[in-house]
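> any chance you can model this:
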Amino acid sequence: MSKATIVNRQSLLLRPDPSRVLVRPFKPATEPRDLNPTDKTRANHIVDRVLALDLQVAEALLADVLEHFEGRHRNLLATFEERADEMEDAFSTHAEFSKTQRQLVGAYFLNEYSFEASALFNPSIVAHPDQSGLATGSQRFVLSLRAVGEGHVSSLTFRTGVIDADGSVEIEPTARLAVTPKIHTPLPLLGEEPVRLSFGSGQHISERVIFPVTFAQSNGIEDARFVAFEDEGETTFYATYTAYNGKAIRSELLQTGDFLSFTMTPLTGTASHNKGMALFPRKFDGRYAMIGRQDNENLYLLYSDDLHVWNGGEPILRPRYPWEFVQMGNCGVPIELDEGWLLLTHGVGPVRRYAIGAALLDKNDPSRVIARSREPLVRPEPSEREGYVPNVVYTCGGMRHGNLIVLPYAVCDTFSSFSTIPIAELLLTLDG
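Okay, the predicted model is just below:
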């Protein structure tokens, strides 16, 4: 059966929007380390200049800043105050200053950042924790996406939407504003300690942006693979993602129950220094299970008694067919079916063309591969070949909806789209 006949590509496209901006701390270049203790830094010089302004001039300048920026951010004056609090050392040489001057100083040490100016891609989808008020046969979902802005820094952003009974996908309108969470972990955020974050309950989920907060994440939070994990009747949402500091990577785990409060914890163990780990949605005989790639080529099955420690692993899928000769990787968490675990995979073929396929794993023993794609399910269409990285389709996770697999996927590391695939027909395409 031709794969092209069973994949229903939807017309829905999610493209990056450079008008969505955050305010981020501006940090002046540091001075040489051999400065005398009495010498002033560049930050001191900026504060000196602001506090030397006539008060009426400072008030007019602050009013001008608010006129141009207040409508683009929530609680901007409060943000200026918070940033000024972080600049206390620069204020220490000044005996007096007004609230206006303090707020203005805060403004000088911030800059706008368009967090999805370059790309909005590598989506992952899970059922929304609130399924109330829907038509029969519909399902609400949370979609996570990797957003890339200036300097190729990746952050995590969200959308919500509804899948109708017939499989049609609708994305709810995106909030105009964007916010970063409050950080509840003392700085500096180095080492292996968990990081706790929270958003305000009045902030729509599409406003919430998780921007890198630790050194290990400083160049990006990449490719989150979300799973609704069931354990003793409780559902917890986890996401494995790659933390990147510009030189090194490591896998980390995001945990939430409501998409308001989050905990980010580094994973440890020999398997944690690789990309593309994906957690099964339930335990096996009391142990956690993960799919990962440890050698840039093959897919491994890992078990652990500790959710945050992963060692070893058993290779279960190796490149077999031409479309995956360069390497294989997982495309999200395994999806439980009556027939077994459906594992979406990606393969890389000639001229670095990426494609998406699948494998079926035994439900009780996922190390046993029942069947797999001889040909990919989704490969770049002619209209999907051009972008930041040509000839790539990629996903960080699909979701079951009745008799369909709903598959959000990225195109050329630039934008995202959706397709649906009937489960029965998909299974018929898999070979033993």
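> how about the contacts made by residue 91?
47, 84, 97, 102, 105 (Cβ atoms under 8 Å, 6 or more residues apart in numbering). Where you see a C-beta, it was placed from the backbone N, CA and C, and this is true even at glycine.
> chain center to whichever strand or helix holds the fourth one, what's the gap?
If you go by DSSP states H and E, residue 102 is part of helix 99-108. Once both centres are worked out by Cα atoms, centre = their mean, to the nearest Å, helix 99-108 turns out to sit 33 Å from its chain's centre.
> domain assignment for this structure?
When the chain is parsed with automatic domain parsing, its domains come out as 3-20+115-431, 23-113.
> closest to residue 242 out of the contacts of residue 91?
Closest approach between those and residue 242, by Cβ to Cβ: residue 84, at 34.3 Å.
> quick one: average confidence on stretch 209-228?
Per-region confidence: stretch 209-228 scores 96 on mean pLDDT.
> between the two ends of that stretch, how far is it?
Distance between the two ends of stretch 209-228: 20 Å, counting by Cα to Cα, to the nearest Å.
> centre of the chain to it, how far?
Centre to centre, stretch against its chain (Cα atoms, centre = their mean), the figure for stretch 209-228 is 6 Å.
> next: stretch 388-405.
Centroid separation between stretch 388-405 and its chain, computed with Cα atoms, centre = their mean, is 15 Å.
> who wins on neighbours among the contacts of residue 91?
Among the contacts of residue 91, the one with the most neighbours (other Cβ atoms under 10 Å) is residue 47, at 27 neighbours.
> near residue 342, how many other residues are there?
Residue 342: 21 surrounding residues under other Cβ under 10 Å.
> and it, what does it touch?
334-336, 358-360, 405, 423, 426.
> looking at the domains of the chain, which is buried most?
Each of those was scored by mean neighbour count; the highest is domain 3-20+115-431, a mean of 18, by mean count of other Cβ atoms under 10 Å.
> if we can go back for a sec, the helix holding residue 102 packs against which elements?
In terms of contacts (3 or more Cβ pairs under 8 Å, 6 or more residues apart in numbering; DSSP states H and E), helix 99-108 is packed against helix 42-51, helix 55-69, helix 76-85, helix 88-91.
> list the contacts of it.
Residues contacting helix 99-108 (Cβ under 8 Å, 6+ apart): 26, 46-47, 50-51, 53, 55, 58-59, 61-62, 65, 77, 79-84, 87, 90-91, 97.
> do stretch 46-61 as well
When contacts are defined by Cβ under 8 Å, 6+ apart, stretch 46-61 is touched by residues 28, 40, 87, 90-91, 94, 97-98, 100-101, 104-105, 108-109.
> from those, which is closest to residue 273?
Distance to residue 273 across the contacts of stretch 46-61 (Cβ to Cβ) is lowest for residue 28, with 34.0 Å.
> and that closest one, what helix or strand is that in?
Residue 28 belongs to no helix or strand, assigned by DSSP H and E.
> keeping just the C-alphas, turn the worst-scoring helix or strand of the chain on mean pLDDT into CSV.
Within the chain, no helix or strand scores below helix 88-91, which has a mean of 74 by mean pLDDT, DSSP states H and E. Extracted in CSV, the C-alpha atoms of helix 88-91 (Å, rounded to 0.1, in the frame of the first residue of the first chain):
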residue,chain,number,x,y,z
GLU,A,88,21.9,47.2,43.1
ASP,A,89,25.7,47.3,42.8
ALA,A,90,25.5,50.0,40.2
PHE,A,91,23.3,52.1,42.5
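> could you check how far residue 85 is from residue 198?
Using Cβ to Cβ, to the nearest Å, residue 85 is found at 19 Å from residue 198.
> swap in residue 230?
Counting by Cβ to Cβ - residue 230 and residue 198 are separated by 24 Å.
> ok, and the closest non-adjacent residue to residue 154?
Residue nearest to residue 154 in three dimensions, not counting chain neighbours: residue 220, with 3.4 Å by Cβ to Cβ, 6 or more residues apart in numbering.
> contacting residues for that neighbour?
Contacts of residue 220 (Cβ under 8 Å, 6+ apart): 148, 152-155, 212, 242-244.
> rerun that using 6 Å as the cut-off
By Cβ atoms under 6 Å, 6 or more residues apart in numbering, the contact list for residue 220 reads 153-154, 244.
> can I get the residues you listed in a markdown table including distance to residue 163, secondary structure and pLDDT?
Shown next, in a markdown table, are the contacts of residue 220 (distance: Cβ to Cβ, whole Å; DSSP: H, G, I helix; E, B strand; the rest coil; pLDDT from 0 to 100):
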| residue | distance to residue 163 | secondary structure | pLDDT |
| --- | --- | --- | --- |
| 153 | 31 | coil | 97 |
| 154 | 27 | strand | 98 |
| 244 | 32 | strand | 96 |
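> any idea which of these is closest to residue 397?
Nearest to residue 397 among the contacts of residue 220, with distances taken as Cβ to Cβ, is residue 154, at 16.6 Å.
> does the spatially most central residue of the chain count as helix, strand or coil?
With distances taken as Cα atoms, centre = their mean, the residue of the chain nearest its centroid is residue 156 (3.3 Å). Under DSSP: H, G, I helix; E, B strand; the rest coil, residue 156 falls in the strand class.
> roughly how far does the closest residue to it other than its chain neighbours sit from residue 59?
Distance criterion Cβ to Cβ, 6+ apart; nearest residue to residue 156, sequence neighbours excluded, is residue 210 at 4.1 Å. Residue 210 sits 36 Å away from residue 59, going by Cβ to Cβ.
> cool, and residue 266?
According to Cβ to Cβ, residue 266 and residue 59 sit 46 Å apart.
> kindly report the same for residue 149.
33 Å.
> now do residue 402
From residue 402 to residue 59 the distance is 61 Å (Cβ to Cβ).
> just to revisit the earlier point, I'd say the residue nearest to the centre of the chain and residue 221 touch.
Yes - here residue 156 reaches residue 221: they are 5.1 Å apart, a contact under Cβ atoms under 6 Å.
> so where's this structure uncertain?
In the predicted model of the chain, residues 1-4, 29-40, 95, 187-191 satisfy pLDDT under 70.
> one more time with 90, if that's ok
Within the chain, the ranges that satisfy pLDDT under 90 run 1-5, 26-48, 51, 84-98, 185-193, 202, 273-275, 294-296, 383, 432.
> residue most distant from the centroid, it?
The chain, farthest from centre, Cα atoms, centre = their mean: residue 54 at 45.3 Å.
> so what sits opposite the residue nearest to residue 154 in the bridge?
Counting by DSSP bridges, residue 220 is bridged to residue 154, residue 244.
> measure the closest residue to residue 227 other than its chain neighbours to residue 326 for me?
Leaving aside its sequence neighbours, residue 227 sits nearest to residue 333 (Cβ to Cβ, 6+ apart; 4.1 Å). As for residue 333, its distance to residue 326 is 23 Å (criterion: Cβ to Cβ).
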